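Student: predicted model follows, preceded by the sequence.
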Amino acid sequence: MTRKKILIVAMICAGVGAGCGRRESRFAEEEAAAKRARKAVDDARIIRADDEPGNWMTYGRTYSEQRFSPLKRINDANVSQLGLAWFYDLDTRRGQEATPIVVDGVMYFTTAWSKVFALDAATGAVLWSYDPKVPPEWAVNACCDVVNRGVAVWGGKVFFGTLDGRLIALDAATGYPAWDKLTIDRKFRYTITGAPRVVKGKVIIGNGGAEMGVRGYVSAYDAETGEMAWRFYTVPGDPAKPFENPVLAKAAKTWSGAWWKYGGGGTVWNAMAYDPGLDLLYIGTGNGGPWNPRIRSPRGGDNLFTCSIVALKPETGEYVWHYQENPDEAWDYDSDEDIILADLTIDGRARKVLLHAPKNGIFYVIDRATGELISAKPYTHITWASGVNIKTGRPIETALARYTGGKPEFVIPGPLGAHSWQPMAYSPLTGLVYIPIQDAGFPYKSDADFKMKGLAYDSGVDFAAAGMPQEPKIKTAIIGAVTGRLVAWDPVQQKQVWDVERPEAWNGGVLATAGNLVFEGTARGNFEAYLGGKGTAVWSFPIQTGAIAGPVSYTVRGEQYVAILAGWCGVFPLATGEIALKSGRVRNVSRMIVFKLGGKATLPPLPAAEPEILNPPRSTADMATVHRGEAIYQRYCSTCHGDVAVSGGVLPDLRYSNTLTNDQWFQIVLGGMLQPNGMVSFAKEISRGDAAAVRAYVIFRANQSLAESKSAGGDAARR
């Protein structure tokens with residue numbers, strides 16, 4: 001059979017969502033795939049996903065989102081033989097966060113800028129690709145890079161959301177669009193970065209933008225036609241208008257002031273799970289917008305349904321129950337981190353539970369039928385609370401938590417969260433949840449002069465006051481305190497069983513397998529395996545770049561593979577400056593990387609990096625201008641180009657820019673010269689004098705860095 005014919009057959013099989021299992025296959029799994037040759041992915045197949053362990057048919061493999069693979073051909077006895085099977089380089093060096101979906105030998109995944117690829121899962125051969133042509137200027141609305149976490153496959157179609165708010169259905173065989181629906185009002189700064197789920201023929205999708213003045217909601221669209229079936233708003237709107245449903249009228253009583261003018265937040269940008277037995281869809285909701293509750297809801301209130309788990313009926317969007325993890329939230333502790341469903345025996349009683357490890361550092365076990373809190377314990381070091389009152393379900397906050405004074409209050413965790421979107425996993429064999437953790441605090445201070453802006457990050461927190469101090473001893477202590485861990489957590493006993501210490505934060509999502517293995521990518525550029533029961537390191541492969549996405553495992557013709565989409569990205573390397581550089585100056589080499597036992601492929605050597613020399617013009621601006629530029633930079637620029645003008649490596653470091661001495665600076669900042677790259681014009685909100693002040697600040701910081709490098713022996717002058 002020719003190469004062309006092989007690809008055509010693979011594409012036809014992908015279109016019906018089935019296997020193309022060869023008639024002569026010696027493997028029962030392939031024979032079963034052949035019998036399903038005319039059956040597309042649907043509820044029944046996903047519900048019975050354990051009957052098809054070689055497929056990864058939805059974001060967390062099953063509706064329960066456990067990210068546990070029953071495959072065990074790769075196991076603790078032979079993992080040392082794991083080698084590179086194939087890789088596929090991407091056409092972008094921006095963030096990669098997607099979990100690939102693998103259905104009967106075809107791999108589907110998204111990349112930065114919401115592009116979609118379909119590859120032969122055994123060879124990496126391209127079947128098709130699709131570029132939705134996201135307007136590059138929409139990047140200014142994305143809090144945390146132009147990323148996308150994946151697709152859903154259903155009924156011969158591939159569904160995905162785009163950064164600019166569309167939900168698109170593609171024909172799985174050809175990649176041609178079947179329908180394209182705008183899910184947002186583009187007057188507001190919504191984005192979509194999360195993967196959709198499909199339940200009962202409805203495509204479920206949320207959005208992001210809580211820091212950009214939006215009102216959160218989740219929507220369902222008919223998989224065949226693209227028509228919207230329902231929408232559930234997670235926070236109430238303007239009370240002068242009718243509420244969309246009665247539960248929002250009740251929620252409005254937990255808000256104060258003119259919250260609707262700020263959007264309110266509560267966005268559903270990541271977490272979803274579904275229980276077919278209870279017929280409940282679970283969503284995690286985002287932080288309040290702005291973060292600072294004294295701005296959005298000045299007279300207090302719990303601000304429902306921010307920072308909550310909400311249970312809905314998937315066919316109608318009808319509210320069933322909620323549990324709020326952070327009433328009146330103030331720290332960007334959203335509850336959008338992955339939800340896991342499991343059946344556990346607790347105190348001698350069988351319980352259907354929901355497991356959650358949100359940003360706030362507390363591990364929750366919730367009855368998923370009723371929303372009753374069963375237990376809640378900190379899974380890492382936190383200072384904002386001492387625990388949770390099990391009777392009321394409310395956190396017991398500490399005195400420092402609310403940063404009500406006039407100076408910064410250092411709170412742990414900070415906005416990165418103790419655990420962010422990077423997927424955790426649960427193994428029913430070990431009974432453990434594996435959580436990628438970062439230990440990083442943040443100095444919160446209210447922004448006394450806050451005003452909503454259309455192009456800035458609207459947190460209501462003073463980012464200038466939170467900038468990295470340049471006193472060497474303080475800076476060294478802060479950087480040294482930011483670390484990461486992979487933690488194995490017992491959800492029944494609510495205690496840590498083992499952990500792997502990492503010197504850096506922002507490591508990858510987790511996969512657990514029946515081979516007693518736990519896989520995770522790291523910020524420093526390795527893909528690693530550990531024993532599920534003990535945490536012993538048993539395998540590592542240098543992948544040349546940081547990896548934060550969730551790995552998967554699947555089989556094709558009886559061969560088991562482990563895959564991860566690699567690429568250094570997200571809010572940590574974009575926004576945290578020198579703290580991000582602690583992970584090393586990791587290059588973003590965006591690629592899909594796939595392993596198998598006995599794999600012999602090799603990655604090409606990285607080209608030698610040309611070091612840039614820090615050679616700024618002399619700083620001549622007065623300190624008043626420098627401080628003015630600092631405030632503007634931290635509000636508008638730091639979330640992309642790094643805290644206090646130090647890039648974490650994804651986007652350019654402005655200290656090294658050759659525009660510091662010419663008018664190109666203004667052509668970029670005000671004229672939109674680099675808009676095709678995602679750098680919009682800020683002329684609507686920043687004057688030429690403002691832009692000049694920002695440049696003066698960057699020049700000042702470049703000279704500071706140069707002086708520091710000379711005192712340290714010159715290393716910091718190169719990058």
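Tutor: Good, I have the coordinates.
Student: helices and strands around whichever helix in the chain runs longest, which ones?
Tutor: As assigned by DSSP state H, the longest helix anywhere in the chain is helix 688-711. Here helix 688-711 touches helix 623-636, helix 664-669, going by 3 or more C-beta pairs under 8 Å, 6 or more residues apart in numbering; DSSP states H and E. To be clear about C-beta, it is placed using only N, CA and C from the backbone, and glycine gets the same treatment.
Student: out of these, nearest to residue 177?
Tutor: With C-beta to C-beta as the criterion, residue 177 lies closest to helix 664-669 of those, at 34.0 Å.
Student: centre of the chain to the closest one, how far?
Tutor: How far helix 664-669 lies from its chain's middle: 31 Å, per C-alpha atoms, centre = their mean, to the nearest Å.
Student: now do the buried residues in that helix.
Tutor: Along helix 664-669, these residues count as buried under the neighbour rule (16 or more other C-beta atoms under 10 Å): 665-666, 668-669.
Student: re the thing from before, mind checking which of the helices and strands packed on helix 688-711 is nearest residue 617?
Tutor: helix 664-669 (11.5 Å).
Student: who touches that closest one?
Tutor: Contacts to helix 664-669, defined as C-beta atoms under 8 Å, 6 or more residues apart in numbering, come from residues 657-659, 673-674, 679, 681-682, 686, 688, 691-692, 694-695.
Student: ranges for the helices of this protein?
Tutor: Here the chain has its helices, by DSSP H, at 3-15, 28-35, 43-47, 246-252, 293-296, 472-481, 571-575, 578-581, 623-636, 638-641, 664-669, 688-711.
Student: in the last one, what counts as buried?
Tutor: Read that as helix 688-711. 690-706.
Student: mind pulling up the pLDDT for residue 32?
Tutor: With respect to pLDDT, residue 32 scores 49.
Student: let me see the contact set for residue 218.
Tutor: Residue 218 makes contact with 204-206, 231-232, 234, 268, 272, 283, 312, 317, according to C-beta under 8 Å, 6+ apart.
Student: how far away is it from residue 336?
Tutor: Here the distance between residue 218 and residue 336 works out to 11 Å (C-beta to C-beta, to the nearest Å).
Student: so what sits against both of those two?
Tutor: In contact with both residue 218 and residue 336: residue 268, using C-beta under 8 Å, 6+ apart.
Student: partners of residue 205 in the sheet?
Tutor: residue 219 (DSSP bridges).
Student: which intervals of this protein have sub-threshold pLDDT?
Tutor: For the chain, the stretches with pLDDT under 70 are 1-38, 584-585, 713-719.
Student: what do you get if the cut-off is 90, keeping everything else the same?
Tutor: Scanning the chain with the threshold set as pLDDT under 90 gives 1-39, 92-95, 405-406, 568-570, 581-588, 607-612, 648-650, 709-719.
Student: tell me where the stretch 151-300 of the chain has strands.
Tutor: 152-154, 157-161, 166-171, 177-182, 197-199, 202-205, 217-222, 228-233, 264-265, 272-275, 280-284, 288-289 (DSSP state E, counting those that start in this stretch).
Student: picking that back up, which pair of the contacts of residue 218 spans the longest distance?
Tutor: 231 and 272, at 14.8 Å, using C-beta to C-beta across the contacts of residue 218.
Student: neighbour count winner among the two?
Tutor: Legend: neighbour count by other C-beta atoms under 10 Å for residue 231 and residue 272, higher for residue 272 (28 against 14).
Student: which of the strands of the stretch 151-300 of the chain sits closest to residue 368?
Tutor: Of all the strands of the stretch 151-300 of the chain, it is strand 272-275 that lies closest to residue 368, at 6.1 Å by C-beta to C-beta.
Student: what pairs with that closest one, parallel or antiparallel?
Tutor: strand 280-284 (antiparallel).
Student: and the strand it pairs with, how far out from the chain's middle?
Tutor: In terms of C-alpha atoms, centre = their mean, the gap separating the centre of strand 280-284 from the centre of its chain is 18 Å.
Student: residue nearest the centroid of the protein?
Tutor: Geometric centre of the chain, nearest residue: residue 421, 4.1 Å, by C-alpha atoms, centre = their mean.
Student: any idea how far the closest residue to residue 659 other than its chain neighbours is from residue 691?
Tutor: Of all residues not flanking residue 659 in the chain, residue 665 sits nearest, at 4.2 Å (C-beta to C-beta, 6 or more residues apart in numbering). Per C-beta to C-beta, residue 665 is found 7 Å from residue 691.
Student: ok so, going back, any idea how far residue 639 is from the residue nearest to residue 659?
Tutor: Going from residue 665 to residue 639 by C-beta to C-beta gives 19 Å.
Student: can I get the helices and strands packed on helix 688-711 in TSV with distance to residue 407?
Tutor: Listed next are the helices and strands packed on helix 688-711 as TSV, based on distance: least, C-beta to C-beta, whole Å:
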stretch	distance to residue 407
helix 623-636	16
helix 664-669	31
